[in-house]
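Chemist: Sequence and predicted structure, then a few things I'm wondering about:
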Amino acid sequence: MALKIYNTLTQKKEVFKPVEKDTIKLYVCGVTVYGHCHIGHARSAIVFDVVYRYLLDKGYHVIFIKNFTDIDDKIIRRASEEGISWKEVGEKYIQSFYEDMDALHVLRPVHEPRATEHIEDMVRLVEILLEKGYAYRVNGDVYFSVDRFAKYGELSKRTLDEMLAGARVEIDERKKNPLDFALWKSSKEGEPFWETPFGKGRPGWHIECSVMSTRYLSNPFDIHGGGKDLIFPHHENEKAQTEAATGKPFVHYWMHNGFVNMQKEKMSKSIGNILLIKDFLKNHHPEALRLFFLSTHYRNPIDYNEQSLEDTHNALQRLYYTLERSFKIQSAKIIKPKRYIAADDLVNRFYEAMDDDFNTALAISYIFELAKMLNKMMDEHDESLMPSLVYTHNLFIRLTQVLGLLNDEIGVFRQNETKRLVSATGLDLETIERMIQERTEARKNKNFKKADEIRNALLEKGITLLDTPAGTEWRIKHIPTMKGDV
């Protein structure tokens, strides 16, 4: 099955045909580095990380570019608030970004250019647009004239009224059209600037991505990605200025991921329902967020809530549990894998789902089917199935890695997940162990009333006990059985 991608430009799924055979050029809009990243940033990062991983898995050479906007009004304001230079603000939050992305197991792109590294290229693009009559100067500012570009609105499919209503339009009576956007902005007193033929100033937001994408990928290139909030005006403006300057198509396939809602409301700083990645990681495993996002198709909105996250944690635990069991069985002896047709069928379905516009939600269901298959084979304790089990285990590992899952060592995952769950009970490991020991002593002394009281007290905290010939085992919610000395 050929890879199909939903193209925002044509509003339909299209068979993917790269500009260059066996090479894919991918550009995704990065962050403006004036603060810590939130889970909305995480969704876009994870979505396009999986796109990148999948294309690599299919054997393509992928040139993946993601930029940093390191000069902007918000950065200048943050510098004033924190009493540091705008350059220091950029460095601080770029490092914060890397901390978050590394924790989420997001692969680094091939290049991560910064806007301030390409000022000369931006100046040259502005000059070309002026020469061709697509831009005009007003004092030290330069604006793009949307009336001069006949295809303006082609990407967002908006009417003039809709664009005016939805745009973050800067009120400026000097503009010929309210939708005209800044290519170059003159600097105010005390602001950073670069000397140019238009005067002292700095680039507008939209021109950055036009320059950095074509600088590393030329044009047209294959895929341009980002959140749906970027379709208009950012990507519409990128497309207009680039195609006006070059006379060629800018991008063949436009991909946009859906919004993250918080308790069914759009996540927004204005209403204060932003969840930072760093705050999420204090209470959750990073792969839970990845699995949570990938369990919904990337183009659809997703509602973040703690119950859904807890369900996702339980699902992640099942995957790690399967991995642990199959590793233990295989470590007992060296076994040559033997092809297993039933497992191959699930793998083929996985790839069919991913080829259908990266349908990770469906693809994940086949990973869980593989896990179920592995557990069933292990439960049968049939030596003749061992070669097929090893084969299926290897496929299971491959598919989870395509989606960026199961990166932890099993022991590390188990310890971290146990600590997370124990913390949620309001107890700690030492207290749980002490209570179990007290119950054991009470049972020895035939004080069954006290033993039951301790069992019930733990049960109220979500901790269940299991008495076995080897001693008392305990578990929290859906985590697989653990010994009391974890």
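Modeler: Everything's here; your move.

Chemist: what are the ranges of the helices in the stretch 251-400 of the chain?
Modeler: 277-283, 286-294, 306-331, 341-355, 360-380, 386-402 (DSSP state H, counting those that start in this stretch).

Chemist: For residue 441, find the nearest of these.
Modeler: With Cβ to Cβ as the measure, helix 306-331 is the member of the helices of the stretch 251-400 of the chain nearest residue 441 (31.2 Å). Every C-beta, even on glycine, is put in place using the N, C-alpha and C of the backbone.

Chemist: Please compute how far the closest one lies from its chain's middle.
Modeler: Average the C-alpha atoms of helix 306-331, do the same for its chain, and the two points are 21 Å apart (Cα atoms, centre = their mean, to the nearest Å).

Chemist: How about stretch 388-405?
Modeler: Between the centre of stretch 388-405 and the centre of its host chain there is 21 Å, according to Cα atoms, centre = their mean.

Chemist: could I have it exported to CSV, CA atoms only?
Modeler: Output for stretch 388-405, consisting of C-alpha atoms alone and laid out as CSV, is shown next (Å, rounded to 0.1, in the frame of the first residue of the first chain):
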residue,chain,number,x,y,z
SER,A,388,7.8,-18.1,16.9
LEU,A,389,7.7,-16.3,20.2
VAL,A,390,11.2,-14.8,19.6
TYR,A,391,10.2,-13.8,16.1
THR,A,392,7.0,-12.1,17.4
HIS,A,393,8.9,-10.4,20.2
ASN,A,394,11.3,-8.9,17.6
LEU,A,395,8.4,-7.5,15.6
PHE,A,396,6.8,-6.2,18.8
ILE,A,397,10.0,-4.3,19.6
ARG,A,398,10.3,-2.9,16.0
LEU,A,399,6.8,-1.5,15.9
THR,A,400,7.0,0.1,19.4
GLN,A,401,10.2,1.8,18.3
VAL,A,402,8.6,3.2,15.2
LEU,A,403,6.2,5.0,17.5
GLY,A,404,8.9,5.9,20.0
LEU,A,405,7.6,3.7,22.8
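
Chemist: how about it: buried residues?
Modeler: Of the residues in stretch 388-405, those scored as buried under the neighbour-count criterion (16 or more other Cβ atoms under 10 Å) are 388-393, 395-397, 399-400, 402-405.

Chemist: Show me the chain divided up by domain.
Modeler: For the chain, the domain assignment from automatic domain parsing gives the residue ranges 4-257, 305-402, 412-483.

Chemist: Make JSON lines from those domains and add distance to residue 291 to it.
Modeler: Compiled in JSON lines, the domains of the chain are given as follows (distance: least, Cβ to Cβ, whole Å):
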{"stretch": "domain 4-257", "distance to residue 291": "10"}
{"stretch": "domain 305-402", "distance to residue 291": "5"}
{"stretch": "domain 412-483", "distance to residue 291": "13"}
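
Chemist: and these, which is most packed in?
Modeler: For the domains of the chain, ranked by mean neighbour count under the definition mean count of other Cβ atoms under 10 Å, the leader is domain 4-257 at a mean of 19.

Chemist: ok, residue 246 to residue 252 distance?
Modeler: Residue 246 sits 14 Å away from residue 252 when distances are taken as Cβ to Cβ, to the nearest Å.

Chemist: That'll do, ta.
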